[in-house]
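Chemist: Compute the structure for the input listed below.
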Amino acid sequence: MPSEFLPSLSDPAIQVVIAAAIAAAAVRGFAGFGAAMIFMPAASAVIDPRLAGETFLVMNDIVALPVAIGAVRLCD
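Modeler: Predicted coordinates:
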């Protein structure tokens, strides 16, 4: 199975999306916001904008899940 997935990483479009995700994560880590302003234009340029939006929402939900769980524990 890994041999089926790894060759697709050599696709330049996937490399741009990965680089945009890393840059967006760095911006979110330092500023706490703005990841979409980095990720969406770069990803939408190389893949379908609808797919880029869905990808960003999934990544954002994964990052925000631990924060949401911690907030639920602190709620009265």
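Chemist: mean confidence for stretch 62-76?
Modeler: Mean per-residue pLDDT for stretch 62-76: 88.
Chemist: same deal with stretch 38-57?
Modeler: 95.
Chemist: so how far is the first residue of it from its last?
Modeler: 14 Å (CA to CA, to the nearest Å).
Chemist: Which helix or strand contains residue 65?
Modeler: For residue 65, the element it lies in under DSSP states H and E is helix 49-74.
Chemist: List the buried residues of that helix.
Modeler: 52, 55, 56, 59 (16 or more other CB atoms under 10 Å). From N, CA and C alone the C-beta is placed, and that goes for glycine too.
Chemist: gap between the last one and residue 27?
Modeler: Yep, that's residue 59 we're talking about. Separation of residue 59 from residue 27 (CB to CB, to the nearest Å): 13 Å.
Chemist: do the third one as well
Modeler: Between residue 56 and residue 27 the distance, using CB to CB, works out to 13 Å.
Chemist: Overlap in contacts, those two.
Modeler: Listed as contacting both residue 56 and residue 27 by CB atoms under 8 Å, 6 or more residues apart in numbering are residue 35.
Chemist: elements contacting the helix holding residue 65?
Modeler: On a contact count with 3 or more CB pairs under 8 Å, 6 or more residues apart in numbering; DSSP states H and E, helix 49-74 meets helix 12-31, helix 35-46.
Chemist: and it, how far from the chain's centre?
Modeler: 9 Å (CA atoms, centre = their mean, to the nearest Å).
Chemist: Same question for stretch 10-22.
Modeler: For stretch 10-22 - counting by CA atoms, centre = their mean - the centre lies 11 Å from the chain centre.
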